[in-house]
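In: from the sequence below, what's the structure:
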Amino acid sequence: MDGDRRGWRQCLLGGAVFAVCMAGTTLPTPLYGLYQEKFGFSEQTVTVVYAVYAFGVIGVLLLVGNASDAVGRRPVLLWGLGCAAASAVCFLCATGLGWLYAGRLLSGLSAGLFTGAATAYVMELAPSGGASRATFVATAANMGGLGCGPLLAGVLAQYAPWPLYLPFAVHLALVACSAAVLLRLPETVRERRPLSTVRPQRPSLPPQVRAVFGPAAIASFVGFALFGVFTSVSPAFLAQSLNVHNHAVSGLVVALAFFASTAGQLAVGRVGVGRSLPLGCAGLLAGLALLAGALRWDLFLLVVLSAIVGGGGQGLAFRGALSAVAEASPADRRAAVISTLFVVAYAGISVPVIGVGVLAVHIGLEDAGLVFIACMAVLVSTAAVYLLRRPVPART
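Out: Model prediction:
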């Protein structure tokens, strides 16, 4: 009993460190309007700045996505916290657009180092028999941290001094505390190898994972694409079309999507992994429809509902995908396989975002958003049909 209690305490602490790192990746979301005023760049530039983060994630996952399987979880996570701290310093020192690019790239490197390694670490810290709950802790820490970032920055920017500095100073302090916590947690990789054994990896999968990876990857791509566009351009839409200039409100709307995702992940335990994937796609489709209505009729309520419904659908689909892939993976390749899943997910969070930014220059933000919604609706409908015809095996 004492061992189980200690194991869950360590699991939750690992999840807290995970959440702190991920919060830093969304911290600038409600501040982009202020940066636009300060440095004078366009909405297209906002989406490129945002997407630089995703390219950093994908680069790390491809180059060293399996590093924690070799050198251990803690060293990789400490490097991730170091990149998060460096990112905060870049934003604190920002005097031009180049600092924002550097800060977002470093933020992407930190997320890339954390995604696969921290997910596997949190699951391995849990007591034996607690895989399902540990998976929820890991995915909730990921999405909950992403939600806390814009909420924290929005509140501080609206109601505290130094809106472009205080959020990053606070996050820098949280990163330092997280490093102290991580140093007290145990290492879970028993047979470690030198860093020289780590090689860049092409996305590849063990044979036993391939049957579940296809539908899991499709659902993850669509969910992250919705989140990517929502978090990058929704503050601008709220300000330009709905006259909502309160940074705390903008941050809260974005945070609602991530918190709803956490709630959707919690529901997977009841509906089951196999059902959660097609149900998640249905939720994403409904969220896209609500967002289309918000863009068409300029209704704030529909923006909020699209965040909640679409976020819930993303949570159902994402936790179902992660659970299926993690359980099907051999232990010595689990972090690498999870990293491959995140490569697909972050492709969804980058390419559509840039596409919306390019279209917004020529046809306006609202019409660009409608084009994106139409494309994603086709994709998510195709994914749902695929998942209904080829469901994830019930054993997962």
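In: which element is the residue lying closest to residue 159 once chain neighbours are set aside on?
Out: Setting aside the residues directly before and after it, residue 159 is nearest to residue 248 in space (C-beta to C-beta, 6 or more residues apart in numbering), at 6.8 Å. For glycine as for every other residue, the C-beta is placed from the backbone atoms N, C-alpha and C. In this structure, residue 248 sits in helix 247-271 according to DSSP states H and E.
In: again, but for residue 284
Out: Here residue 284 sits within helix 273-297, counting by DSSP H and E.
In: angle of that helix against helix 247-271?
Out: Angle, helix 273-297 to helix 247-271, by axes from the mean of the first three to the mean of the last three C-alpha atoms, to 10 degrees: 150 degrees.
In: got the buried residues for helix 273-297?
Out: Buried residues in helix 273-297, counting neighbours by 16 or more other C-beta atoms under 10 Å, are found at 273-295.
In: tell me the contacts of residue 247?
Out: If you count contacts by C-beta atoms under 8 Å, 6 or more residues apart in numbering, residue 247 has them with 30-31, 33-34, 153-155, 157-158, 163.
In: show me which pair in the residues you listed is furthest apart.
Out: Greatest spacing in the contacts of residue 247, by C-beta to C-beta: 33 and 155 (15.5 Å).
In: would you map the helices across the stretch 1-150 of the chain?
Out: Using DSSP state H, counting those that start in this stretch, the helices found in the stretch 1-150 of the chain span residues 2-26, 32-39, 43-64, 67-71, 73-92, 97-125, 131-159.
In: pLDDT weak spots in this structure?
Out: Scanning the chain for pLDDT under 70 picks out the ranges 1-3, 201-204, 335, 392-396.
In: and residue 237, helix, strand or coil?
Out: Secondary structure for residue 237, judged by DSSP: H, G, I helix; E, B strand; the rest coil, is helix.
In: not counting sequence-adjacent ones, nearest residue to residue 355?
Out: Taking C-beta to C-beta, 6+ apart, and ignoring the residues beside it in sequence, residue 355 has residue 372 as its nearest neighbour in space, at 6.9 Å.
In: list the contacts of that neighbour.
Out: With C-beta under 8 Å, 6+ apart, residue 372 has these contacts: 229, 352, 355-356, 359.
In: what is the nearest of those to residue 112?
Out: Distance to residue 112, by C-beta to C-beta, is smallest for residue 352 among the contacts of residue 372, at 19.1 Å.
In: contacting residues for that closest one?
Out: Applying C-beta under 8 Å, 6+ apart to residue 352 gives the contacts 225, 228-229, 372, 375-376.
In: and for residue 280?
Out: Here residue 280 is in contact with 219, 223, 264, 313-318, 320 (criterion: C-beta under 8 Å, 6+ apart).
In: mind checking which of those residues are in helices?
Out: When DSSP state H defines the helices, the subset of those inside them is 219, 223, 264, 313-318, 320.
In: how far does stretch 212-222 sit from the chain's center?
Out: For stretch 212-222, the separation from the chain centroid amounts to 15 Å (computed by C-alpha atoms, centre = their mean, to the nearest Å).
In: list the buried residues in that stretch.
Out: Within stretch 212-222, the residues scored as buried using 16+ other C-beta under 10 Å are 212-222.
In: for stretch 162-181, same thing?
Out: Applying a neighbour-count criterion of 16+ other C-beta under 10 Å, the buried positions in stretch 162-181 are 163-164, 166-168, 170-172, 174-175, 178-179.
In: what does stretch 260-275 give?
Out: Applying a neighbour-count criterion of 16+ other C-beta under 10 Å, the buried positions in stretch 260-275 are 260-262, 264-265, 267-268, 273-275.
In: farthest pair in the residues you listed?
Out: Between any two of the buried residues of stretch 260-275, the greatest separation by C-beta to C-beta is 21.7 Å, found for 260 and 274.
In: coming back round to it: nearest to residue 81, of the contacts of residue 280?
Out: Nearest to residue 81 out of the contacts of residue 280 is residue 318 (C-beta to C-beta; 23.6 Å).
In: the closest one contacts residue 219, correct?
Out: Yes - using C-beta atoms under 8 Å, residue 318 is in contact with residue 219, at 7.1 Å.
In: now the helix holding residue 284 and helix 131-159, what's the angle there?
Out: Using the same axes, to 10 degrees, helix 273-297 lies at 20 degrees relative to helix 131-159.
In: how far away is residue 245 from residue 86?
Out: Distance check for residue 245 against residue 86: by C-beta to C-beta, to the nearest Å, it reads 31 Å.
In: neighbour count: those two, which is higher?
Out: residue 86 (18 against 13; other C-beta atoms under 10 Å).
In: do I have it right that the more buried one meets residue 106?
Out: Yes - Residue 86 lies in contact with residue 106 (C-beta under 8 Å); the separation is 4.8 Å.
In: relative to residue 156, how far out is the residue nearest to residue 159?
Out: From residue 248 to residue 156 the distance is 9 Å (C-beta to C-beta).
In: between those two, which is the more surrounded one?
Out: Between residue 248 and residue 156, residue 156 has the larger neighbour count (other C-beta under 10 Å), namely 24 against 17.
In: check contacts around the more buried one.
Out: 163, 166-167, 170.
In: name all residues that make contact with residue 315.
Out: The contact partners of residue 315, taken as C-beta under 8 Å, 6+ apart, are 139, 143, 260-268, 280.
In: I should have written residue 290 there, sorry.
Out: 302, 305-306, 309-310.
In: give me the nearest residue to it, chain neighbours excluded.
Out: Distances taken as C-beta to C-beta, 6+ apart place residue 306 nearest to residue 290, at 3.7 Å, with adjacent residues excluded.
In: which SS state does residue 189 fall under?
Out: Recorded secondary structure, residue 189: coil (three-state DSSP).
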